[in-house]
Every structure is written in structure tokens, then in C-alpha cells.
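Undergrad: Give me the fold of what follows.
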Amino acid sequence: MEIKTKIIFFLALILYVEAFSVGYYKCKPEKSYTLSNNGILEDYYWGSVDFTIDRKTGEYRAPLINRIFKVVDKGNADTHFRAIHSGSVAQHPGYIMIQEFSESQKKPYLAMDGGMLANVSTGFCKKF
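TA: Numbers count the residues shown, from 1 in each chain. Just a heads-up that it's a prediction; the model follows:
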């Protein structure tokens, strides 16, 4: 193999690894809350809907829901993964924070949905 071909192959390999090294989280809610008229969080059951979020693009997928979040911080050994969704008429604002630095394979998360019920959910995410 000539040197030019080797260089092109090497650069393509780097781009491939970079594109797929970030991965995604698959998350499972454990508990959910809603903001009451008294200004406190109360238990709220809305069903357990698993979701995924791409760590690079911010693409959020759940049954019947697809959104693109803006990844604010990809997280590392010292910081959270954080992403926000600014919302629109059809899609209300949202925020998700995953404890990337957790030593466990199951990373705790906190998510807030700024819809009419102002829900907060907690649970665990696994990195893929």
C-alpha cells in the first residue's frame, strides 16, 4: 500500500472512531414528580417511558417523541452530561442532567419537562 493510501485510510479511521466514540445513553425513569400549586414537588405517575439521548447530537427518542436537545456539556470524570431543549409551540422546554462521573454503569439522571404539568423525573441511564 502506498503512503498516500495509508494516510487516507488512517484519516478515515480517525473520523469513523470520532463519529461513533461519543455514543448515546439509554435511560429508564424510576420516579416522577410534578410541581403542585403549593410550590412543592409531589409524586406523579405518568408511566415509565424509556428514552435514549445521543451524547453528540442531542437527539432524544422516546415512544411518539423525537426532539433535538442542545448538548451543553458531554460530561467526563468530573462533570455531568447536560442538554437543554428550548421548546416551541408543539414541544415544551426540557433539561436533562446525567451523572457521567458516577463510577456505576447505571448513571443517575434528572430530567425536567416544562410542559403544562412541569414534570421532573429521575432514574438511571446506561452509556452505549
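
Undergrad: Please tell me how far the residue nearest the centre of the chain sits from Glu30.
TA: With distances taken as CA atoms, centre = their mean, Ile53 lies nearest the centre of the chain, 3.8 Å away. Using CB to CB, to the nearest Å, we find Ile53 at a distance of 16 Å from Glu30. Where you see a C-beta, it was placed from the backbone N, CA and C, and this is true even at glycine.

Undergrad: do the same with His85
TA: Taking CB to CB, one finds His85 at 21 Å from Glu30.

Undergrad: Mind checking which of those two has more residues around it?
TA: Between His85 and Glu30, His85 has the larger neighbour count (other CB atoms under 10 Å), namely 19 against 12.

Undergrad: before we move on, back to that, helix or strand right after the helix or strand hosting the residue nearest to the centre of the chain?
TA: According to DSSP states H and E, Ile53 maps onto strand 51-54. Per DSSP H and E, the first helix or strand lying C-terminal to strand 51-54 is strand 59-62.

Undergrad: what stretches of the chain score poorly on pLDDT?
TA: Scanning the chain for pLDDT under 70 picks out 1, 3-21, 46-47, 87-91, 116-117.

Undergrad: which residues in it form strands?
TA: Secondary structure of the chain (DSSP state E): strands at 24-35, 41-43, 51-54, 59-62, 65-68, 70-73, 81-85, 94-98, 106-113, 119-127.

Undergrad: What lies in contact with stretch 59-74?
TA: Applying CB atoms under 8 Å, 6 or more residues apart in numbering, the set of residues contacting stretch 59-74 from outside is 22, 49-58, 79-86, 91, 94, 96, 100.
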